[in-house]
Each structure stands twice: as structure tokens, then as C-alpha cells.
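[1] Could you work out the structure for the sequence below:
(2 chains)
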Number of protein chains: 2
Amino acid sequence: MEKECYMEHYKFMAEALKEAKKALNEGGIPIGAILVNNGKIVSKGHNKLLQRDSPILHAEVDCIESAGRLNGKDYKNSTLYTTLSPCDMCSGMILLYKIPKVVMGENKTLKGPEDYLMKNGVELINLDMGNCKELIESFIRKNPEVWDKEIEKIS
Amino acid sequence: MEKECYMEHYKFMAEALKEAKKALNEGGIPIGAILVNNGKIVSKGHNKLLQRDSPILHAEVDCIESAGRLNGKDYKNSTLYTTLSPCDMCSGMILLYKIPKVVMGENKTLKGPEDYLMKNGVELINLDMGNCKELIESFIRKNPEVWDKEIEKIS
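    All right, here's what the predicted structure looks like:
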């Protein structure tokens, strides 16, 4: 059962990775997210900071925004997949809508307030996937000035 | 000096209240926000959940989004004015961009994670203004089903 569950996590993370690659193809930062409810994808999103000159459209925010206004029970039965550990803002959004479970691709490139999420009852699973890391690390190597500018804002 | 400072807070909160009234005139939830840097308004925003079928566009998020991608030092020198205590998501956004000071109109209608913000170094000032409360309470009295539906999502 445990193994089957993780196979599902990898399947959905592959969809989040496709979203991350969409961002990259648009000239954006390759981070993607997927909202899943009862084994079905409700919405998809990817980082659009550069494409839209937006400080808000992280992959997770874009994904939740794309779903429109769901009912409370929909959020409370959902799992959010994201290729990178959610930041303060995205973590706050997860807490606001009581999304109970977050599956992340990795947390080496950046790590959000994971202890705060867990303390507030959110289940976190880190798949620690090499291809999630490689995609964003390759972007950072090719665009250090873009990345440094973003990091300077939040440091 | 202290009195002069508070006069400035009331002046900017009046602008945030104008934004809240814009939301009301659009059929939305009357909450407004203003970002101020060096005594000047950088951007304005209001709650657009109903108008845009958006789970994301709280007044504070709309205000930060309207400003576009600022430099780190701009966020770090700013004050965010909001007619209502910022929720988990908006508080997370405040922490992400290291906005050091938040002035709120009230926190009786809803209260966000104020202790968490303060623990993380954000200065909070609550003006506890009757007209901020009256505006949103009047909306709730006239639209209880709309309000209850929003509250159900985040409860």
C-alpha cells in the first residue's frame, strides 16, 4: 500500500514537473504545482514571476488561483504537489485553505517554513527528486543574475 | 512626533478605506490595502475574490501584485496598510518580502496570525477604527450567505 501510494506521488510530481518545464519554455523560473483531489488533478500552475512581472504568481499560488474558488471540503480533501518546498507566502495560503497534505519535489534549492506547516497540522512529504533539483539548478547556473535578484528580495 | 506619526497612519488608512469602498462598489468584500514607501503610496489594492472568482486576490495580495516586482530594499522600507488584520496567506506574503511594518484598521471581524508575524519581527499597529469595522460588518449583515461561504473555506 505504502509503495502504491508513493507511485501515485511520483505520477503527480511528474505532472508538476511538466508545469515547471512550461515555465522554463516561457522564459520563467522552472517551478510547477498541481492540486489533486480524490486522485484527480483539479488544477495546474507554474511560476510566472518573470513572465507577468508578478511578485505573487509562484507555482502554488498560480495553481490555486487557476482552480477558482473551491468549496471548503474540496481544499480540505486535497493534496498540493509542488516541485520545490513552499515559501512563506505559499505556506500561508496552504494554511488559510486548510490543505492538509503537501508533496514536494525537493527542498535543497530553497526551504520554506516546513516546521511551521507541520506544527499547524499539515502533512509534508519530500520526494527529494534529482530531476526537480536539476531543472531549477540548471536555470540558476544559466541565469545567476535573475536568481540572485529574486533571492535578494526575500533574504 | 508620536502623534504626527499616528496622523500619517490615519491618513493612509483613509486611502485603504477608499479601496475597500471600491471593492464594495464592484459587488465585492470591502477590504482595502495600500503600500507606502518613504511617505508615498506605491500601490493600492482591494479584495477581488467575488469579482474575479479568485481565491488569491485579498486586498493585501492585490496591492502587492499591483506594485509589480519591486527591489528588496523597497519592500524592506515599506509599510502595508490594510483595513483588516492580514490572514495566513497575506501574513506569509508579508514575511516573504520582509515588509517590516503593518498597520491594520481592525482585527475584530477576523484576526490573522498576529503573534507569528510579531515573533518574526514584523511591527504591527492596530488602529482599531470603527469605520473599518462598520464597513465590513454592514456587508456581512447584508450578505450573510456570501460571508459564511468564505468563512467555511478557511475554518
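[2] Counting residues, which helix of chain A comes out longest?
    helix A:2-25 (DSSP state H).
[3] Can you give me the buried ones in that helix?
    By neighbour count on 16 or more other C-beta atoms under 10 Å in any protein chain shown, the buried set for helix A:2-25 is A:His9, A:Phe12, A:Met13, A:Glu15, A:Ala16, A:Leu17, A:Glu19, A:Ala20, A:Lys22, A:Ala23, A:Leu24. C-beta: built from backbone N, CA, C; applies to glycine.
[4] same deal with stretch A:100-109?
    Neighbour counts over stretch A:100-109 (16+ other C-beta under 10 Å) mark A:Lys101, A:Val102, A:Val103, A:Met104, A:Gly105, A:Glu106, A:Asn107, A:Thr109 as buried.
[5] now do stretch A:63-72
    In stretch A:63-72, counting by 16+ other C-beta under 10 Å, buried: A:Cys63, A:Ile64, A:Glu65, A:Ser66, A:Ala67, A:Arg69, A:Leu70, A:Gly72.
[6] I figured the first one hits A:Lys44, correct?
    Yes. Contact criterion C-beta atoms under 8 Å: A:Cys63 and A:Lys44 qualify, at 6.1 Å.
[7] ok, back up a step: what helices or strands is the longest helix of chain A leaning on?
    strand A:32-37, strand A:40-46, helix A:59-66, strand A:78-82, strand A:101-104, helix A:130-142 (3 or more C-beta pairs under 8 Å, 6 or more residues apart in numbering or on different chains; DSSP states H and E).
[8] so which of the ones you listed gets nearest chain B?
    Of all the helices and strands packed on helix A:2-25, helix A:59-66 sits nearest to chain B, with 4.6 Å by C-beta to the nearest C-beta.
[9] For chain A, what lies in contact range of chain B?
    A:49, A:53-56, A:61, A:64-65, A:67-72, A:75, A:87-93, A:95-98, A:116, A:152-155 (C-beta under 8 Å from any C-beta of the partner chain).
[10] Look at the residue in chain A that chain B sits nearest to and say how many residues are nearby.
    For chain A, the residue closest to chain B is A:Gly92, as judged by C-beta to the nearest C-beta, at 2.3 Å. For A:Gly92, the neighbour count with other C-beta atoms under 10 Å in any protein chain shown is 29.
[11] What residue, apart from its backbone neighbours, is nearest it spatially?
    Once flanking residues are discounted, A:Gly92 sits nearest to B:Gly92: 2.3 Å by C-beta to C-beta, 6 or more residues apart in numbering or on different chains.
[12] Show me what the helix or strand containing that neighbour is packed up against.
    B:Gly92 is part of helix B:88-96, with elements assigned from DSSP states H and E. Applying 3+ C-beta pairs under 8 Å, 6+ apart, one finds that helix B:88-96 contacts helix A:88-96, helix B:59-66, helix B:114-119.
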